[in-house]
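Visitor: Attaching a predicted model along with its sequence, questions to come.
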Amino acid sequence: ISASEPKPRLRWTPELHERFVEAVTQLGGAEKATPKSVMRIMGVKGLTLYHLKSHLQKFRLGKQLNKDTNVANRNACPHHFASSQITEALRLQMEVQKKLHEQLEVQRHLQLRIEAQGKYLQALLEKARETFS
């Protein structure tokens, strides 16, 4: 704690923050805890209500941001999941369409060969009639 400033600054070490979190937890969470009650439980010399008000406010804000982020991620995941499902469905549909197109091409070639074979047989029959008559 630095006393040279009008409102002495406090460096929140990981250990001090851990004590703060334990005190807040004992009091039933960040929303129920008050700076005065946290100060009483922590019992740290030189710790003021000013330090605790500021830290508790930041702590609550951090908790709220985490909650909002988790909700946003949860809400985003179904969208992402649905989006990837749509993408996969479109890919499969395109694949099916490509295969159908290929099958239609094969059928068209077969149809042309059948027609050509029919014309050839027709010509043979005509020639055979001419020969026998």
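Guide: That came through, no problem.
Visitor: what about the helices in this protein?
Guide: Along the chain, the stretches classed as helices by DSSP state H are 14-26, 35-42, 49-132.
Visitor: can you redo those helices as JSON lines with mean neighbour count and mean pLDDT?
Guide: In short, each C-beta sits where N, CA and C put it, glycine included. Listed next are the helices of the chain as JSON lines, based on neighbours: other C-beta atoms under 10 Å; pLDDT from 0 to 100:
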{"stretch": "helix 14-26", "mean neighbour count": "14", "mean pLDDT": "93"}
{"stretch": "helix 35-42", "mean neighbour count": "17", "mean pLDDT": "95"}
{"stretch": "helix 49-132", "mean neighbour count": "11", "mean pLDDT": "86"}
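Visitor: Can you give me every residue that contacts the nearest residue to Met39 once chain neighbours are set aside?
Guide: Spatial nearest neighbour of Met39, excluding adjacent residues (C-beta to C-beta, 6 or more residues apart in numbering): Leu52 at 5.4 Å. When the contact criterion is C-beta atoms under 8 Å, 6 or more residues apart in numbering, the partners of Leu52 are 20, 35-36, 38-39.
Visitor: let's see 7 Å
Guide: In this structure, Leu52 makes contact with 35, 38-39, judged by C-beta atoms under 7 Å, 6 or more residues apart in numbering.
Visitor: Leu16 - nearest residue in space that isn't next to it in sequence?
Guide: Spatial nearest neighbour of Leu16, excluding adjacent residues (C-beta to C-beta, 6+ apart): Val44 at 7.0 Å.
Visitor: ok, that neighbour to Arg129 distance?
Guide: With the distance defined as C-beta to C-beta, to the nearest Å, Val44 ends up 118 Å from Arg129.
Visitor: can you check Glu102 too?
Guide: As for Glu102, its distance to Arg129 is 41 Å (criterion: C-beta to C-beta).
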